[in-house]
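Peer 1: sharing a model that was predicted from the sequence below.
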Amino acid sequence: MPPEAEHRIAIHLDRLLEERGFTLTELAEQVGITVVNLSVLKNGRARAIRFSTLTALCEALGCEPGDLLTLG
């Protein structure tokens, strides 16, 4: 099994977007990443995330990394 298939990280972007009243497009514009890349992350298909992107997402959503990513 490839190493990327073994991860158990859960992404809670849908919940945070709903709670904060953001659309994916609005968040992508605010954070400065494409909607496509944000969608890949939201759907749990991302292989990696840069700390700078994680920081920007957390700042935009007013959350901590553990609110966005958990071990599932």
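Peer 2: That came through fine. Numbers count the residues shown, from 1 in each chain.

Peer 1: going forward, measure contacts and count neighbours with C-alpha atoms only.
Peer 2: Will do.

Peer 1: for this structure, what spans make up the helices?
Peer 2: Taking DSSP state H as the test, the helices found in the chain are 13-20, 24-31, 35-42, 51-61, 65-68.

Peer 1: possible to save the ones you listed as JSON lines with distance to E6?
Peer 2: Converted to JSON lines, the helices of the chain look like this (distance: least, CA to CA, whole Å):
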{"stretch": "helix 13-20", "distance to E6": "20"}
{"stretch": "helix 24-31", "distance to E6": "27"}
{"stretch": "helix 35-42", "distance to E6": "16"}
{"stretch": "helix 51-61", "distance to E6": "21"}
{"stretch": "helix 65-68", "distance to E6": "19"}
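
Peer 1: compare those helices and give me the one nearest H7.
Peer 2: The closest of the helices of the chain to H7 is helix 35-42. By CA to CA, the value is 13.5 Å.

Peer 1: CA-only coordinates of that closest one in CSV, if you can.
Peer 2: Output of helix 35-42 as CSV, limited to C-alpha atoms (Å, rounded to 0.1, in the frame of the first residue of the first chain):
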residue,chain,number,x,y,z
VAL,A,35,-10.6,26.8,-5.3
VAL,A,36,-9.4,23.5,-6.9
ASN,A,37,-6.6,23.1,-4.4
LEU,A,38,-8.8,24.0,-1.5
SER,A,39,-11.4,21.5,-2.7
VAL,A,40,-8.7,18.8,-2.9
LEU,A,41,-7.9,19.6,0.8
LYS,A,42,-11.6,19.7,1.8
